[in-house]
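1. next come a sequence and a model predicted from it.
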Amino acid sequence: MKISQNPAYPAAEATLPLIVAADRNYVTGLVVTVVSAIRNLDPGWKLDIRVLDSGIGSDYQQQLQKSLAPILGDRHALSFHPICGDLLSSFPITNTYLSPAAYARFQISELFPDLKKAIYSDTDIIINKDLASVFKQELSTSIAACADVRGTLGNTKDALLYNDLGFNAKAPYFNSGFLILDLERIRSLKTSERIAQLCSRAAFNPQQEDQTILNVVHYQDWTKLDPSWNRLIILSENRPRIPYREAVNYHAILKFKPWFYHRNGSYGIIQQFYRYLDMTDWEKRHVDEKRYNVNFTRGAYMRRAIRMWATEYVYQAYGAISGKRILRRA
């Protein structure tokens, strides 16, 4: 992958509001989301990056400004906007790897009355596409998003909830990590009030948290984007070596994130993540960050693969000899 270190930008012609949300645990991901977005942006545009701050802290804010200064230059803007923690904590959390920061996107329309349209991105996304190209598209719905891997409402953990609301189980279901927002339409539909009413319902406990809520309030009011704008990937200790393709935004969903892993011998998505991170001095400021002890060297990867294959072979051989069906836990 070739990433220009010092692109020659002409004078900016248009501003693109990019809104991201983070707490202290997602700051390293925030750095890469911002750097990758700037490096792949149409030179005729500049970014107005607004961070929904749900606990980053003033010390990290100052360090982020210093680390990102060479990338931002005098063209791109970076600002922090604190989110009321009490308000966020009122929303349900059922997955332990999520924090109340996931709900910060609900406040965008009210927090930024000066904006008519914006892009929202989670901070576990590597942006390898030109954001201006999708921002320029006209919207006829409140939001534009990518379909989730689950496909339809009926395939989600909240299928019963959608059924109780009278929704079509075959209706498409979107992922809330990357959104194009028509903020004027969202305000006109009083979406914030509808979200508050939904969450105040008795026994309302969505399994997919903010994503379920957005799929409810924007039911049949969203436009499907090409999947390359939000390609969902799942990292794990046994599956860290995921290859990447150019011009695809990669979104690491669920528990494991790219910054959880050591860079040594990294490959694919993890390697790409560290290439963007290395365009700043952020990691030098935080060398004490914890990493999962996953060895990416080819030898270690092959040994792990052989162990998994050998274990599976032993189970199958025992089953064939004994005639017993061996049930293995995934």
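-> It's in.
2. got the confidence number for P206?
-> For P206, the pLDDT comes out at 76.
3. buried sites along whatever helix or strand N163 lives in?
-> If you go by DSSP states H and E, N163 is part of helix 159-164. Buried residues in helix 159-164, defined by neighbour count with 16 or more other C-beta atoms under 10 Å: A159, L161, Y162. Every residue, glycine included, has its C-beta placed from N, CA and C.
4. for it, packing partners?
-> The helices and strands touching helix 159-164, judged by 3 or more C-beta pairs under 8 Å, 6 or more residues apart in numbering; DSSP states H and E, are helix 209-217.
5. and the helix it packs on, what does it pack against?
-> Using 3+ C-beta pairs under 8 Å, 6+ apart, the elements in contact with helix 209-217 are helix 159-164, strand 172-182, helix 191-199.
6. tell me which of those is the most buried.
-> Burial of the helices and strands packed on helix 209-217 is given as mean neighbour count (mean count of other C-beta atoms under 10 Å); strand 172-182 ranks first at a mean of 23.
7. got the angle between that one and helix 209-217?
-> Comparing the axes of strand 172-182 and helix 209-217 via axes from the mean of the first three to the mean of the last three C-alpha atoms, to 10 degrees yields an angle of 90 degrees.
8. distance to L214 and mean pLDDT added to the helices and strands packed on helix 209-217, as a markdown table?
-> Listed next are the helices and strands packed on helix 209-217 as a markdown table, based on distance: least, C-beta to C-beta, whole Å; pLDDT from 0 to 100:
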| stretch | distance to L214 | mean pLDDT |
| --- | --- | --- |
| helix 159-164 | 13 | 85 |
| strand 172-182 | 5 | 95 |
| helix 191-199 | 8 | 85 |
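9. out of those, which comes closest to V20?
-> strand 172-182 (10.6 Å; C-beta to C-beta).
10. name every strand pairing with that closest one and say which way it goes.
-> strand 117-121 (antiparallel), strand 143-152 (antiparallel) (DSSP bridges).
11. let me know which of those strands is tucked in deepest.
-> Each of the strands paired with strand 172-182 was scored by mean neighbour count; the highest is strand 117-121, a mean of 21, by mean count of other C-beta under 10 Å.
12. tell me the one among the buried residues of helix 159-164 nearest to D53.
-> L161 (30.5 Å).
13. is it true that the closest one touches I213?
-> No. Using C-beta atoms under 8 Å, L161 is not in contact with I213; the gap is 10.2 Å.
14. next, show the common contact partners of these two.
-> P206 (C-beta atoms under 8 Å, 6 or more residues apart in numbering).
15. point me to the helix or strand that includes E283.
-> helix 282-285.
16. and the contacts of that helix?
-> Against helix 282-285 from outside (C-beta under 8 Å, 6+ apart): T28, V31, Q63, L64, S67, L277, E289.
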